[in-house]
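**Student:** can you look at this prediction? I've put the sequence above it.
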Amino acid sequence: MTENTEMAGEREERLRLIRDSAASLVPRDGDLNRVRRQRFQAPGVDRAAWAEVCAMGWPGLRLAEAQGGSGLGMAEYAALLEELGRGLLPEPLIEASLVAPLLPQAERDALLAGERLILPAGIGYEGAAARPRWRDGALRGEVAHVHLGAAADAWLVACDQGLALVESYAEGLELRSEPAQDGGHLARLRFDCTPARLLQAPPPALDEAALACAAYLVGAMDAAFERTREYLGVRSQFGRAIGSFQALQHRMVDLKIQIELARAMVAEAAAAIDAGAPTDQVQRLVSTAKVRASEAALLVTRQAIQLHGGIGYTDEADIGLFLRRAMVLLNAQGSLAFHRARYIALLHGEVA
């Protein structure tokens with residue numbers, strides 16, 4: 001009993017230190033000036049900020065120490081992402097963390113050191129039928145919706161033969177990007193006999209990336225909620241702070257319940273991964289957490305804007321940035337339709 005208590009205490013201390021480590025890029029006072037400055041700016045990633053992300057060791061948090069990582073658990077990773085979500089960190093940490101264990105050692109070391117930014121292209125739950133074709137050392141086809149793809153030095157592309165590494169300067173490569181709601185962009189990569197290196201790699205940890213996305217959304221909606229609570233405490237009407245109105249208090253309580261439910265589901269799924277639970281159980285819990293966090297984030301951030309009144313709808317109001325980020329992440333790391341369908345299929349399998 002004492003040993004278990006000590007282990008729990010050590011983990012709580014580790015989680016606290018991880019959350020504290022985010023303060024350098026996510027100011028505790030909620031300042032979003034850096035996020036605003038980076039919106040709609042090419043190439044989409046601030047390399048100085050990314051170097052700081054890598055210096056903190058975040059892309060390798062889940063990697064084994066033998067691979068150059070920290071070897072920490074999913075609970076620690078989720079705690080970090082929740083804290084980063086509070087400050088709307090725009091850097092592609094989830095994507096880089098997904099790619100890191102799939103790379104050869106030299107490329108992995110360069111990624112973890114912040115020397116090269118390698119991002120996934122087409123690596124996900126869906127879209128296998130439309131993957132580019134790899135023949136004789138070259139790719140043909142295209143991949144769409146590559147998050148911050150124009151900022152990458154290389155991409156790890158899901159193709160019909162597995163995973164292929166493509167350099168940004170490769171011949172026969174065409175890149176087009178379109179702005180996203182949150183100020184980032186989505187790139188489309190078109191390959192026309194583009195040189196690519198086929199890799200022997202383990203299966204990507206898609207469920208870990210999906211759960212990290214859910215944790216980020218929990219942090220974002222919680223920050224939006226706290227900003228709204230503070231606003232209701234200072235905005236006056238009829239000589240009273242509007243936060244004292246019972247109808248608004250009821251709405252805020254309902255939103256807080258949604259946040260805590262999403263947080264609890266993320267924690268449960270993270271615990272299952274760390275405990276080595278069966279794959280079908282992990283998949284069910286991850287899909288539940290992703291759907292709950294996505295839907296709750298949309299609800300909370302939309303309500304937050306409404307509760308701010310007319311100013312909440314202006315681009316100058318920071319509260320709107322939370323909704324825009326939630327909209328971009330809504331179908332990231334697996335669409336809502338995919339996760340709902342997978343949960344139902346797994347549930348029916350358990351019942352059968």
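**Tutor:** That came through, no problem.
**Student:** can you show me the strands along the stretch 151-300 of the chain?
**Tutor:** Per DSSP state E, counting those that start in this stretch, the stretch 151-300 of the chain carries strands over the ranges 154-159, 162-167, 173-179, 185-195, 197-199, 236-237, 240-241.
**Student:** so what does the first one touch, helix or strand wise?
**Tutor:** If I follow you right, that is strand 154-159. strand 118-121, strand 138-147, strand 162-167, strand 185-195 (3 or more CB pairs under 8 Å, 6 or more residues apart in numbering; DSSP states H and E). Quick note: C-beta positions are derived from backbone N, CA and C, even for glycine.
**Student:** now the second one: average pLDDT?
**Tutor:** In other words, strand 138-147. Mean pLDDT, strand 138-147: 96.
**Student:** contact partners for P92?
**Tutor:** Residues near P92 by CB atoms under 8 Å, 6 or more residues apart in numbering: 45, 117, 119, 147-148, 151.
**Student:** low pLDDT regions in the stretch 51-200 of the chain?
**Tutor:** When residues are selected by pLDDT under 70, those of the stretch 51-200 of the chain lie in 127-129.
**Student:** grab the nearest non-local neighbour of the residue nearest the centre of the chain.
**Tutor:** Using CA atoms, centre = their mean, the residue of the chain that lies closest to the mean C-alpha position is C213, 3.4 Å off. Spatial nearest neighbour of C213, excluding adjacent residues (CB to CB, 6 or more residues apart in numbering): Q333 at 4.4 Å.
**Student:** quick one: secondary structure of that neighbour?
**Tutor:** Each residue gets one of three states, and Q333 gets coil by DSSP: H, G, I helix; E, B strand; the rest coil.
**Student:** for the strands of the stretch 151-300 of the chain, which one sits closest to F338?
**Tutor:** Minimum separation from F338 across those (CB to CB) falls at strand 154-159, 15.4 Å.
**Student:** between the closest one and strand 185-195, what angle do the directions make?
**Tutor:** Interaxial angle of strand 154-159 relative to strand 185-195 (axes from the mean of the first three to the mean of the last three CA atoms, to 10 degrees): 80 degrees.
**Student:** now do strand 154-159: everything it contacts.
**Tutor:** Residues contacting strand 154-159 (CB under 8 Å, 6+ apart): 99, 102-103, 107, 116-124, 127-128, 131-134, 139, 141, 143, 146, 149, 163-168, 189, 191, 196, 198-199.
**Student:** walk me through the domains of the chain.
**Tutor:** With domains defined by automatic domain parsing, the chain comprises 2-96+105-112, 118-199, 206-351.
**Student:** among the contacts of strand 154-159, name the buried ones.
**Tutor:** The neighbour-count test (16 or more other CB atoms under 10 Å) marks 99, 102-103, 107, 116-124, 131-132, 134, 139, 141, 143, 146, 149, 163-168, 189, 191, 196, 199 as buried among the contacts of strand 154-159.
**Student:** before we move on, back to that, so can I have JSON lines of the helices and strands packed on strand 154-159 showing distance to Q283?
**Tutor:** Shown next, in JSON lines, are those (distance: least, CB to CB, whole Å):
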{"stretch": "strand 118-121", "distance to Q283": "19"}
{"stretch": "strand 138-147", "distance to Q283": "22"}
{"stretch": "strand 162-167", "distance to Q283": "21"}
{"stretch": "strand 185-195", "distance to Q283": "26"}
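**Student:** which one, of those, ends up nearest to Q246?
**Tutor:** Minimum separation from Q246 across the helices and strands packed on strand 154-159 (CB to CB) falls at strand 138-147, 42.3 Å.
**Student:** hmm, who's touching the closest one?
**Tutor:** Contacts of strand 138-147 (CB under 8 Å, 6+ apart): 92, 95, 119-122, 130-133, 152, 155, 157-159, 164, 166, 172, 184, 186-196, 332.
**Student:** same question, stretch 109-116
**Tutor:** With CB under 8 Å, 6+ apart as the test, stretch 109-116 has contacts from 47, 50-51, 53-55, 57, 59-60, 63, 68-69, 96, 99-100, 103, 107, 117-118, 153-154.
**Student:** can you select the buried ones among these for me in PyMOL?
**Tutor:** One line in PyMOL is enough to select the buried ones among the contacts of stretch 109-116; burial here means 16+ other CB under 10 Å:
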select buried, resi 50+53+54+59+60+63+68+69+96+99+100+103+107+117+118+154
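**Student:** now, the contacts of stretch 109-116 that are in helices?
**Tutor:** With helices taken from DSSP state H, the overlap with the contacts of stretch 109-116 comprises 47, 50-51, 53-55, 96, 99, 107.
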